[in-house]
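> Build me a model:
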Amino acid sequence: MTDQPDLQASNVVVDLREYRSSKDPLPVTFDRRELDAILWVYGRMVGEGAWRDYAIDHMRDRAVFSIFKRSGEMPLYRIEKDPKLAAKQGAYSVINQHGTILKRGHELKQVLKVFDKVLRLVET
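This next block holds a predicted model:
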């Protein structure tokens, strides 16, 4: 028995960037344009008094923007970005507190239209 390393294993060259990405993939995030669109809707709803707090989670498989009425409660809505669904139903979705998907699509601005108010006729 010798203490020499196995020559066959020492001849392998591994790209460090490739190795790191396979071991620990980067989390999914919202880019600046996506955050601008979400925060524009969020700011409007805060101004109306409907929402008061938010949280952003970046996970391996999705990014989530959670919207709260009060910070100690379950989120009223979750805006999710799931890249695995981009080729199918669309990467973006709005989900209510019961887990029902209110709207899903390929473009975030179209999905966020679920928060637009419908005009109603008011009799005076």
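> Measure how far the biggest helix by length in the chain is from the centre of its chain, please.
For the chain, the helix that runs over the most residues, judged by DSSP state H, is helix 32-47. Distance of helix 32-47 from its chain centroid, counting by C-alpha atoms, centre = their mean, to the nearest Å, is 14 Å.
> tell me which residues of it are tucked away?
Burial within helix 32-47, assessed by neighbour count using 16 or more other C-beta atoms under 10 Å, is assigned to E34, L35, A37, I38, V41, Y42, M45. Glycine gets a C-beta too; all of them are placed from N, C-alpha and C.
> How much space separates I79 from R44?
If you measure I79 against R44 using C-beta to C-beta, to the nearest Å, the figure is 14 Å.
> Could you do K117 as well?
10 Å.
> Overlap in contacts, those two.
Between them, K117 and R44 have no joint contacts when contacts are counted by C-beta atoms under 8 Å, 6 or more residues apart in numbering.
> Point out where this structure drops to low pLDDT.
Within the chain, the ranges that satisfy pLDDT under 70 run 1-11, 19-24, 71, 118-124.
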